[in-house]
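**Q** I would like the atomic coordinates for the input below:
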Amino acid sequence: MLKGKDLLSLHDLTRDELEEILSLAAELKALQKSGVAHTILPGKTLGMIFEKSSTRTRVSFETGMYQLGGQALFLSSHDLQIGRGEPVRDTARVLSRYLDGVMIRTFAHETLEEFARWADIPVINGLSDLLHPCQVLADLLTIRERCGKDLSGLKLSFIGDGNNMAHSLMYGCAKMGIDFAVATPPGYEPNEKVVANAREDAKASGATILLTHDVAEAAKEADILCTDVWVSMGEEAEREKRRQDLAGYQINRSLLEKAAKRAIVLHCLPAHRGEEITEDVFEANAAVIFDEAENRLHAQKAVMALTMGD
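**A** Alright, predicted model coming up:
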C-alpha cells in the first residue's frame, strides 16, 4: 500500500497503513534480534539531508539501510547546492535521478512539502518544526510491545510544549483509537490546524482529544505519559523564558500518581533531567525509554522497506 509514497505526516496514512508499518517493524526487529538477514533493499540508496543535526536520526537511518542491504548517504545543507541558493525543486529533481529515497530533517515543514512535490522518489520526514512522524511510529511500536497490539481505548498524555512531538502523537493516537490529552501552558498550545485534522481522524477511530492547561487533568488515569525538552533546537534564544513558562509542566513522581497504576513513561530524547522530567522518574522508566529509542531503527526500517521496496 505504501510503495512509492511519501511519509510526511501520520495524518496522511490510513489506520491500515499504520498497522502495516508497525507489524513489519515488529517482524524486522525479531529478525534482527535472531540474527537473520533481511536484505529487503539490496542496491538501494537513501539520501539523508540534515539541516538539523541528530544522534538518533542519523544513526538509525544509516544503520537501518545497511541492515536492509542498501546504503545511506549523509548530506548536510553545507554539502548541497541548496545551501548556496539552489531552489529546492531543482535539488529534488536532481536527487530523484540518483537515489531511491530521501529522508529530510529540517526546520520548516514547507521545505519538506516542496521537496516532495518535485521529487519522483519517496520522501520521509525525519523531523520538521511541525511534525516528527518517525519518532511517533517508534512510540507506537513501544506501546504495542508493552500494552498489546490493540491500542484502542488506551489513554496517552503529553505534558509540556505543544510542539512537533505533541502534533505527531496527536495524529498517531487519533488514527489508532488512543485517547489523547495534552497539557500545555497558555501560549504553548498545539497548532490549530493539526488539532482540527486530528479531531477528524478521531471521529473515525473513536478516540478523544483533550487540550488543557491542567497537568493533573491531562494525566488522570493515563496509560502512557510522554514529554519532550522544553527548549528545542532553534529556540535557544528563548531558553530562560521557556523554562519559566514550562516550570509546572514536568513529569515527576507526584504527576505519575495521577496516572493509571501500571502507566509507562516515554521520552523521545535527549532528556534534560530536572526540567521536563525528574531524574527518578526517568531512571525508573529507563528500560522502556531506551526500548523506544531502539525502536526508531525498526520502525524506520519498516517505512523504508514499504516505501522503497520493489
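**Q** What is the longest helix anywhere in the chain packed up against?
**A** If you go by DSSP state H, the chain has its longest helix at helix 286-308. Counting contacts by 3 or more C-beta pairs under 8 Å, 6 or more residues apart in numbering; DSSP states H and E, helix 286-308 packs against helix 15-34, helix 56-67, strand 101-105, strand 123-127, helix 133-147, strand 264-267. C-betas here are computed from N, CA, C, even on glycine.
**Q** Neighbouring strands of the helix or strand that comes right after the longest one in the sheet, and parallel or not?
**A** Once helix 15-34 ends, the next helix or strand along the chain (criterion: DSSP states H and E) is strand 45-50. The strands beside strand 45-50 in its sheet (DSSP bridges) come out as strand 71-76 (parallel), strand 101-105 (parallel).
**Q** count of residues packed around E235?
**A** 15 (other C-beta atoms under 10 Å).
**Q** quick one: it and R242 touch, right?
**A** Yes. Counting by C-beta atoms under 8 Å, E235 does reach R242; the two are 6.6 Å apart.
**Q** R117: which of the helices and strands packed on helix 286-308 is closest?
**A** strand 123-127 (9.2 Å; C-beta to C-beta).
**Q** CA atoms only for the closest one - export them in CSV, please.
**A** These are the backbone C-alpha positions of strand 123-127, laid out as CSV (Å, rounded to 0.1, in the frame of the first residue of the first chain):
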residue,chain,number,x,y,z
VAL,A,123,10.4,11.4,0.8
ILE,A,124,10.5,10.7,4.5
ASN,A,125,10.1,13.3,7.2
GLY,A,126,13.0,12.8,9.7
LEU,A,127,11.7,15.8,11.6
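**Q** With distance to A260 as extra columns, can I get the strands paired with strand 45-50 in JSON lines?
**A** JSON lines is the format used below for the strands paired with strand 45-50 (distance: least, C-beta to C-beta, whole Å):
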{"stretch": "strand 71-76", "distance to A260": "39"}
{"stretch": "strand 101-105", "distance to A260": "34"}
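**Q** most packed of those strands?
**A** strand 101-105 (a mean of 26; mean count of other C-beta atoms under 10 Å).
**Q** what angle separates that strand from helix 56-67?
**A** 160 degrees (axes from the mean of the first three to the mean of the last three C-alpha atoms, to 10 degrees).
**Q** next structured bit after strand 101-105?
**A** helix 109-118.
**Q** mind giving me the domain ranges of this structure?
**A** As recorded under automatic domain parsing, the domains making up the chain are 10-132+296-308, 135-292.
**Q** how about the ones you listed in TSV, adding mean pLDDT and distance to M1?
**A** Output for those, formatted as TSV (pLDDT from 0 to 100; distance: least, C-beta to C-beta, whole Å):
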stretch	mean pLDDT	distance to M1
domain 10-132+296-308	95	5
domain 135-292	97	14
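**Q** how about TSV for those domains, with distance to K3 added?
**A** Below are the domains of the chain laid out as TSV (distance: least, C-beta to C-beta, whole Å):
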stretch	distance to K3
domain 10-132+296-308	7
domain 135-292	17
